[in-house]
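[1] Curious how this folds, go ahead:
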Amino acid sequence: MKTTAAIIIVLLILLGANSFYTVDNGQSALVLQFGKILRTDKQPGLHAKVPLLQQVLTLDDRILSFDGQPQRYATADKQSINVNFYVKWRIANAADYYRATSGDELQAGQRLSPIVSTALRSAVDAHTLQQLIADGQSDLAASTLQQANAQTQTLGISVVDVSITGIEFPDDIKAAVYKRMQTERQQQAAAIRADGKQQAEGIKADADSQAQIIRANAESNAEKVKGEGDAQAAQIYAQAAAEDPDFFAFYRSLEAYKQAFGDGRATIILKPDSEFLRYFGNPAPAPARR
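    You can find the predicted model right below:
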């Protein structure tokens, strides 16, 4: 009896554990019964199911990716090129995805790869080699993405992005391609240099203009200060002359002597009683002439 009870308890525990499952963030769960889909659970958390009869398949809802195999394609002008690319995709409809791939990510990639390759072939065929050389890769990727998504709806898959990682051109035009790329980069560099030179000239002109304004303001202030100094000097002279006219006359005579005889080479012919020679003799005022 005890053994039977223990077995029953273990079975009940197993059945209870098998009655629940969890769904994490970024996942969706398909509840299956005899291979048929009963429901899809995308809400994270704990969910219940019928034990033994129902199974749960957990799918990854995050963005997945794979690298495409490099293939040779023909352009609109019948030039052969090799294109490298990679694809980002995600599950858009869990039920359709399970029916098409049995929930196997590897099988999904195997079915998705030829669809993208076909779409890329069609997009390349719509472009000439010259268009691809002139940076037509973005148009190529956009067209491939649009065409691929139109074919993957039955797989329950959404193609998020198709990125062109490289285009290998025929050997006979590689030199021309590189030459064109070099010319374009040189043109861009020349444009950048010209723009920089123009900006430098603008900055220099602005600096010169500001320097002229500062210089003019400084000269104006200097003239103003000099004028004020001259005015103050004249006022001081006038006050000195008013306070002691004789001393001021003597001082002015000394200044006149300094200018006349300062270099030591001047020759002046004057009368002895000349007013200019007044302080060389008797400094008393000269008698008034009749």
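[2] which residues does the closest residue to residue 143 other than its chain neighbours contact?
    Spatially, and ignoring its direct neighbours in sequence, residue 143 is nearest to residue 123 (4.0 Å; CB to CB, 6 or more residues apart in numbering). Quick note: C-beta positions are derived from backbone N, CA and C, even for glycine. Residue 123 makes contact with 139, 140, 143, 144, 147, according to CB atoms under 8 Å, 6 or more residues apart in numbering.
[3] pLDDT score for residue 123?
    For residue 123, the pLDDT comes out at 90.
[4] in what helix or strand does it lie?
    Assigned by DSSP states H and E, residue 123 belongs to helix 105-125.
[5] Just list what the next helix or strand after that helix packs against, helices and strands only.
    Downstream of helix 105-125, the first helix or strand assigned by DSSP H and E is helix 129-133. Contact partners of helix 129-133 among helices and strands, from 3 or more CB pairs under 8 Å, 6 or more residues apart in numbering; DSSP states H and E: helix 171-243.
[6] ok, back up a step: which ones among the contacts of residue 123 lie within helices?
    Mapping those onto helices (DSSP state H) picks out 139, 140, 143, 144, 147.
[7] The first one contacts residue 127, doesn't it?
    In this case it means residue 139. Yes. With contact defined as CB atoms under 8 Å, residue 139 and residue 127 form a contacting pair (7.2 Å).
[8] Please spell out the segments of the stretch 1-150 of the chain that come in under the pLDDT threshold.
    Low-confidence segments of the stretch 1-150 of the chain (pLDDT under 70): 1-2, 5-18, 135-136.
[9] one step back: the contacts of residue 123, buried ones only, as a ChimeraX selection?
    Buried residues among the contacts of residue 123 (16 or more other CB atoms under 10 Å), as a ChimeraX selection:
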select :140,143,144,147
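[10] next one: stretch 80-91 to chain centre, how far?
    Distance of stretch 80-91 from its chain centroid, counting by CA atoms, centre = their mean, to the nearest Å, is 28 Å.
[11] List the buried residues in that stretch.
    81, 83, 85, 87, 89, 91.
[12] So the fifth one lies in a helix, does it not?
    So the one you mean is residue 89. No. Under DSSP: H, G, I helix; E, B strand; the rest coil, residue 89 falls outside any helix and is assigned strand.
[13] is it true that it touches residue 112?
    Yes. Using CB under 8 Å, residue 89 is in contact with residue 112, at 6.3 Å.
[14] okay, and the common contacts of these two?
    Contacts common to residue 89 and residue 112, judged by CB under 8 Å, 6+ apart, are 66, 152, 157, 159.
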